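Novice: Any chance you could fold what I've pasted below:
(one chain, ligands or ions: 2)
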Amino acid sequence: MGGNEQPVLAPERQAEIDEIVAAAQRAASAFRGLDQEAVDRIVLAMVKAGILAAADLALLALEETRFGVVEDKMVKNYVATEFLWDYLKDKRSVGVIEEDAERNIVYVADPIGVVLAVTPITNPTSTVLFKAIVAAKTRNAIVFRPSPYAVRCAERVAEVLRAAGEREGLPPGAIQVIPDAAREVTHYLFRHPGIDFIWTTGGPKIVKLASQSGKPGISVGPGNAPIYLHRTADIGGAVVDILISKTFDASVICPAEQTCVVDGEIYDAVVAEFGRMGAQLLTEEQIAQLSEYSFGGGDDKVRLEAVGLSAPELARRAGFEVDPATKVLLAPLPADLGALGRHPLIREKLMPVLGLVRAASEQHAIEVCELVTEHGGLGHTSAIYAADDDVIDRYARALRTGRILVNAPTAVGALGGVYNSLTPTLSLGCGTWGGSSTTDNVNYRNLLNIKTVSRRRTPPQWFRVPSSTYFNAGALDNLRDVGTEVAVIVTDEATEERGAVDEIRKRLRAKQVRVFSEVTPEPDQEIVRRGLDLLKRTRPDLVVAVGGGSVLDAAKAMRLFYEHPDADFDDLALPFLDARKRVANYPQAPHSARLIAVPTTAGTGSEVSPAAVITVGDRKATLVDYSLVPDTAIVDPLLSMSMPPAVTADTGIDALTHALEATVSIFSSPYSQAFSTQAAALIFQALPRAYDDGGDLEARTMMTNAATLAGLAFSNAFVGVNHALAHAVGARFGLPHGRANGIFLPHVLRYNTAVPTKFMPAPGYSSYVAPAKYAQLGRVIFGGREEEEARGRLFAAVDDLLARLHMPRTLKDAGIAEEEFLGSLSQVTMAAFTDLSIRTNPRMPLLNEVTQLLRAGYYGAP
Ligand SMILES: NC(=O)c1ccc[n+]([C@@H]2O[C@H](COP(=O)([O-])OP(=O)(O)OC[C@H]3O[C@@H](n4cnc5c(N)ncnc54)[C@H](O)[C@@H]3O)[C@@H](O)[C@H]2O)c1
Ligand SMILES: [Fe+2]
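Specialist: Numbering: from 1, shown residues only. Ligands and ions are numbered 1, 2, ... in the order given. Below you'll find the predicted structure:
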């Protein structure tokens with residue numbers, strides 16, 4: 001697999017490994033039974049034992065690996081115990097670890113099982129301490145496969161932690177070490193079915209092998225950290241930081257500084273300061289000797305004997321002498337990117353050798369740093385010293401490293417907790433650039449299977465209405481109390497001719513009143529634009545819209561674009577699935593012009609609704625947002641008396657459709673239902689009377705109120721597939737809105753009553769209640785004991801009413817030619833299917849069902 005043939009392991013050795021893994025599995029299953037307190041007791045005991053052993057383990061590390069600095073090894077052991085404990089002590093890692101009450105989500109932690117940990121030569125005791133303690137915190141068993149050069153270190157740490165942990169209940173077998181260095185053992189383990197997760201810290205080869213194993217895991221590889229000293233850096237501070245860090249454990253630590261890129265302006269000062277603080281600038285010849293000694297093996301690898309020496313000792317072995325107090329060897333490297341890329345010292349130098357590059361510009365400096373990371377340091381660590389936030393920003397965006405430290409040493413800094421608040425770790429994720437699945441400072445969360453328990457959440461609803469509604473005959477008189485300087489009346493020609501504009505003018509106490517009377521039925525964007533021009537010229541503080549739904553809708557759109565000239569129609573008309581998550585962003589600033597809506601039809605409810613339907617080509621676009629709701633509605637039945645019977649019927653049936661669709665909508669609520677029920681009851685009583693006798697003021701009053709009540713219901717519950725069909729058909733064939741609604745109404749009632757092919761996902765609508773809601777409404781208005789009976793009465797009443805009003809019952813009767821209908825059927829189907837109204841229908845209309853409903857609308861029979 002992966003190009004390497006699989007080495008074979010002797011059967012006896014295989015059995016031994018199997019037994020180790022089996023013991024780990026037993027430990028893992030015992031671990032699952034422990035609670036948070038028990039786990040934390042074990043972890044604390046292990047931490048204490050690690051702290052007590054920190055110095056001895058540091059000595060052992062030095063003895064076995066022969067490199068590094070014992071004092072610093074001890075610091076690493078403290079990071080892996082004391083710092084780790086400080087971070088872990090109040091973290092929950094068992095059972096429910098986090099609750100998000102607001103979102104009704106609970107996070108539950110499960111252990112992984114058996115973790116195979118590969119540990120490096122560079123941090124031979126601290127990494128084992130760290131991984132073993134993190135494994136215990138997460139209730140995982142851990143099996144170590146240490147670097148072959150650091151086996152005793154791993155075994156000793158395991159002994160210490162096991163003894164302390166088991167005294168507090170750590171399951172036996174939870175911490176084990178497989179000392180075997182043989183390649184075949186590693187291969188065998190990487191594919192062992194008992195191993196659940198591989199956590200690798202090591203060189204590129206082992207990282208790659210771990211990734212190829214096919215098991216989940218986290219692998220972290222080597223670093224090659226560049227540091228940029230910008231001209232705004234505090235030179236004295238930076239030099240000390242870099243020396244602290246570069247000498248830390250003789251640089252045997254992957255995040256250590258490797259190449260220092262210095263702005264030309266401060267280069268000489270930086271070199272001088274380095275010299276003063278104990279760094280030695282190397283000559284060309286010394287650099288060549290050093291390169292040859294450290295990397296001259298020919299196989300692209302660092303010579304192990306060169307790693308982790310003190311600066312004077314390293315120099316001596318390379319063939320030259322430096323002052324015995326020298327802390328770091330400074331190696332000036334070429335500034336030319338090509339030459340630098342070929343230089344052996346561009347690589348990770350696990351020794352107190354720091355490359356030095358003079359930068360010609362900020363851009364050049366950043367490019368040099370990027371080049372350094374590309375030589376084995378991608379994903380790991382980088383740093384910048386600067387006082388200029390812009391350059392820090394540019395640097396952070398350019399460098400592909402998981403950690404970018406600002407004004408802090410990398411070696412100790414990246415481990416977290418000393419110079420910053422990074423998570424303490426000895427496992428630094430290198431991101432995909434470095435072959436890791438994460439850029440995290442890996443810690444306990446990475447060793448958990450965190451389950452999300454998400455409880456059902458019914459989002460809160462709303463009931464929003466205009467600030468005031470005036471109704472009944474004479475309501476128009478309320479205009480006398482409206483304070484205004486400049487008013488624009490929006491209307492259509494016919495309404496103006498009927499004298500409605502004069503009635504309004506008479507009552508308005510404005511200094512200036514202008515009239516826009518060019519609205520036509522089913523208004524389009526051009527009409528809106530023309531009205532907008534007048535508003536822009538007049539700059540009114542009040543817009544009074546008087547007319548049918550067409551006028552009111554046009555006025556809503558005009559005010560919106562008058563107040564917000566930058567708003568984009570297409571953006572605002574963007575379709576959406578859930579009003580609360582929609583992309584469109586309506587301006588919510590308080591209105592600079594009030595909008596008073598005065599309906600002259602009794603139908604659309606537009607006077608109270610958040611919607612404005614605007615024709616765009618041969619379709620209808622709906623602008624909808626509560627910011628569109630008129631500030632005041634004046635519902636005066638006297639204005640509706642002039643409606644001829646056909647308009648009375650069309651608009652009245654529109655209102656009935658609003659009430660019936662709001663009744664069963666997925667957003668229907670007790671609030672909306674109070675209004676839709678009352679609206680429907682009034683319409684069944686009054687519509688035939690208003691139709692027969694336009695002068696019947698009582699019937700007109702009931703109808704205008706019913707239309708507004710239905711408007712209040714659907715403004716909050718919205719409509720359904722009936723309106724989607726009516727919008728599509730109305731726009732395509734130029735049918736009056738209410739008439740189109742009436743044609744589909746009987747079919748939609750039956751469609752919603754049948755068992756849905758597909759339910760509409762709706763959190764507030766737990767069972768399919770549409771049929772029951774129709775029945776409930778039927779019972780309130782027409783009585784009936786059984787559900788079916790009550791619903792039957794409602795449906796029959798709808799049929800009777802449509803017949804009584806002489807409404808066309810089919811699109812055919814409405815005058816649409818069959819070829820025209822069939823020729824556009826697929827287009828109209830899509831228009832209805834993508835209409836906003838369909839989203840709140842209780843039954844989810846499938847495309848073919850929409851077509852069937854359209855056919856039913858045309859031919860009459862389903
Ligand atoms: N905004 C909403 O919430 C909403 C809801 C439903 C429908 N609509 C839209 O409303 C429009 C339909 O509105 P509508 O049904 O009120 O029709 P309408 O405004 O298009 O008016 C229809 C016709 O009747 C005339 N008319 C209006 N009042 C009259 C009166 N009192 N006497 C004599 N004639 C009168 C008009 O001049 C027009 O010619 C459509 O564009 C529809 O999409 C909007
Ligand atoms: Fe409507």
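Novice: name the element Asn722 belongs to?
Specialist: helix 721-733 (DSSP states H and E).
Novice: could you point out which element follows that helix?
Specialist: helix 737-753.
Novice: what inclination does that following helix have with respect to helix 721-733?
Specialist: Counting by axes from the mean of the first three to the mean of the last three Cα atoms, to 10 degrees, helix 737-753 points 140 degrees away from the direction of helix 721-733.
Novice: Pull the distance from helix 737-753 to the chain's centre.
Specialist: 39 Å (Cα atoms, centre = their mean, to the nearest Å).
Novice: and it, does that touch ligand 1?
Specialist: Yes. Against ligand 1, helix 737-753 shows contacts by Cβ under 6 Å from any ligand atom at 737-738. C-betas here are computed from N, CA, C, even on glycine.
Novice: Isn't Val412 up against Thr247?
Specialist: No. Counting by Cβ atoms under 8 Å, Val412 stays clear of Thr247, with 10.8 Å between them.
Novice: neighbour count winner among these two?
Specialist: With neighbours defined as other Cβ atoms under 10 Å, Val412 and Thr247 compare such that Val412 has more, 24 against 21.
Novice: Can you name the residue of the stretch 501-650 of the chain nearest ligand 1?
Specialist: Of all residues in the stretch 501-650 of the chain, Gly548 sits closest to ligand 1, at 2.0 Å by Cβ to the nearest ligand atom.
Novice: Can you pull the phi/psi pair for that residue?
Specialist: phi -80, psi -170 (degrees, to the nearest 10).
Novice: give the contact list for it.
Specialist: The contact partners of Gly548, taken as Cβ atoms under 8 Å, 6 or more residues apart in numbering, are 492, 495, 521, 599-601, 603-604, 647, 651.
Novice: Tell me the buried residues within the residues you listed.
Specialist: In the contacts of Gly548, burial by neighbour count holds for 492, 495, 599-601, 603-604, 647, 651, counting by 16 or more other Cβ atoms under 10 Å.
Novice: is stretch 550-566 up against ligand 1 anywhere?
Specialist: Yes. Using Cβ under 6 Å from any ligand atom, stretch 550-566 reaches ligand 1 at 550-551, 553.
Novice: Go through that stretch and flag the buried ones.
Specialist: Result for stretch 550-566 [16+ other Cβ under 10 Å]: buried residues 550-563.
Novice: what do you get for stretch 427-439?
Specialist: Applying 16+ other Cβ under 10 Å to stretch 427-439 flags 427-431, 433-436, 438-439 as buried.
Novice: so for it, what's the average pLDDT?
Specialist: Stretch 427-439 shows a mean pLDDT of 89.
Novice: Could you do stretch 747-759 as well?
Specialist: Stretch 747-759 comes out with an average pLDDT of 95.
Novice: can you list the residues that contact that stretch?
Specialist: 660-661, 664, 720-722, 725, 768, 770-771, 774, 791, 794-795, 798, 841-846, 849, 853, 856-857, 862.
Novice: Could you rerun that using 7 Å?
Specialist: Outside of stretch 747-759, the residues that reach it under the criterion Cβ atoms under 7 Å, 6 or more residues apart in numbering are 664, 721-722, 768, 770-771, 774, 791, 795, 798, 842-844, 846, 849, 853, 856-857, 862.
Novice: Show the end-to-end separation of stretch 164-175, please.
Specialist: Taking Cα to Cα, to the nearest Å, stretch 164-175 runs 12 Å from one end to the other.
Novice: meant to ask about stretch 658-670
Specialist: With Cα to Cα as the measure, the ends of stretch 658-670 fall 16 Å from one another.
Novice: for it, the distance to its chain's centre please.
Specialist: Offset of stretch 658-670 from its chain centre (Cα atoms, centre = their mean): 31 Å.
Novice: ranges for the strands of the stretch 401-550 of the chain?
Specialist: Taking DSSP state E, counting those that start in this stretch as the test, the strands found in the stretch 401-550 of the chain are 401-406, 448-454, 468-471, 486-490, 512-516, 542-547.
Novice: tell me the most buried of the ones you listed?
Specialist: Most buried of the strands of the stretch 401-550 of the chain, by mean neighbour count (mean count of other Cβ atoms under 10 Å): strand 542-547, with a mean of 28.
Novice: quick check: angle from that one to strand 486-490?
Specialist: Using the same axes, to 10 degrees, strand 542-547 lies at 20 degrees relative to strand 486-490.
Novice: Could you list the residues in contact with strand 542-547?
Specialist: So strand 542-547 is in contact with 482, 484, 487-492, 495, 500-501, 504, 510, 519, 551-552, 555, 559, 593-598, 600, going by Cβ under 7 Å, 6+ apart.
Novice: again, only using 6 Å
Specialist: 484, 487-492, 495, 500, 504, 551-552, 555, 559, 593-598, 600 (Cβ atoms under 6 Å, 6 or more residues apart in numbering).
Novice: quick revisit: please go through the buried ones among the contacts of Gly548 and note which also touch ligand 1.
Specialist: The subset of the buried ones among the contacts of Gly548 within reach of ligand 1, by Cβ under 6 Å from any ligand atom, is 492, 495, 600-601, 603-604, 647, 651.
Novice: Can you list the buried residues in the biggest helix by length in the chain?
Specialist: When the chain is parsed with DSSP state H, its longest helix is helix 36-65. Within helix 36-65, the residues that count as buried by 16+ other Cβ under 10 Å are 36, 38-47, 49-51, 53-54, 57-58, 60-62, 64-65.
Novice: got it, and stretch 800-815?
Specialist: Buried, per 16+ other Cβ under 10 Å, within stretch 800-815: 801-802, 805, 807-809, 811-812, 814.
Novice: again, but for stretch 704-716
Specialist: 704-716.
Novice: how close does Phe31 get to Ile112?
Specialist: Look at Phe31 and Ile112: by Cβ to Cβ, to the nearest Å, they are 11 Å apart.
Novice: no wait, Asp813
Specialist: 70 Å.
Novice: same deal with Arg537?
Specialist: For Arg537, the distance to Ile112 equals 71 Å [Cβ to Cβ].
Novice: The two: which is more packed in?
Specialist: Per other Cβ under 10 Å, whichever of Arg537 and Ile112 has more neighbours is Ile112, with 20 against 10.
Novice: give the contact list for that one.
Specialist: Each residue near Ile112 by Cβ under 6 Å, 6+ apart is listed here: 140, 196-197.
Novice: what residues does this protein put near ligand 1?
Specialist: 492, 494-495, 521-522, 547-551, 553, 600-601, 603-606, 609, 611-613, 639-640, 642-643, 647, 651, 654, 737-738.
Novice: so can I have TSV of the ones next to ligand 1 among the buried ones among the contacts of Gly548 showing distance to Thr186?
Specialist: As requested, those are exported to TSV (distance: Cβ to Cβ, whole Å):
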residue	distance to Thr186
Asp492	84
Thr495	87
Thr600	86
Thr601	82
Gly603	79
Thr604	76
Val647	86
Thr651	81
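Novice: So Gln286 sits against Phe320, correct?
Specialist: Yes. Taking contacts as Cβ atoms under 6 Å, Gln286 lies within contact range of Phe320: 5.1 Å.
Novice: who's more crowded, those two?
Specialist: Gln286 (19 against 15).
Novice: For that one, what is the enclosing helix or strand?
Specialist: Per DSSP H and E: helix 284-295 holds Gln286.
Novice: same question for the helix or strand following that helix, mean pLDDT?
Specialist: Using DSSP H and E, the helix or strand that follows helix 284-295 in sequence is helix 311-318. Helix 311-318 shows a mean pLDDT of 96.
Novice: sorry, back to before: now pLDDT too, for the contacts of Gly548, in CSV please.
Specialist: As requested, these are arranged in CSV below (pLDDT from 0 to 100):
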residue, pLDDT
Asp492, 97
Thr495, 96
Pro521, 90
Pro599, 98
Thr600, 97
Thr601, 96
Gly603, 94
Thr604, 94
Val647, 96
Thr651, 97
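Novice: I appreciate the help and will end here.
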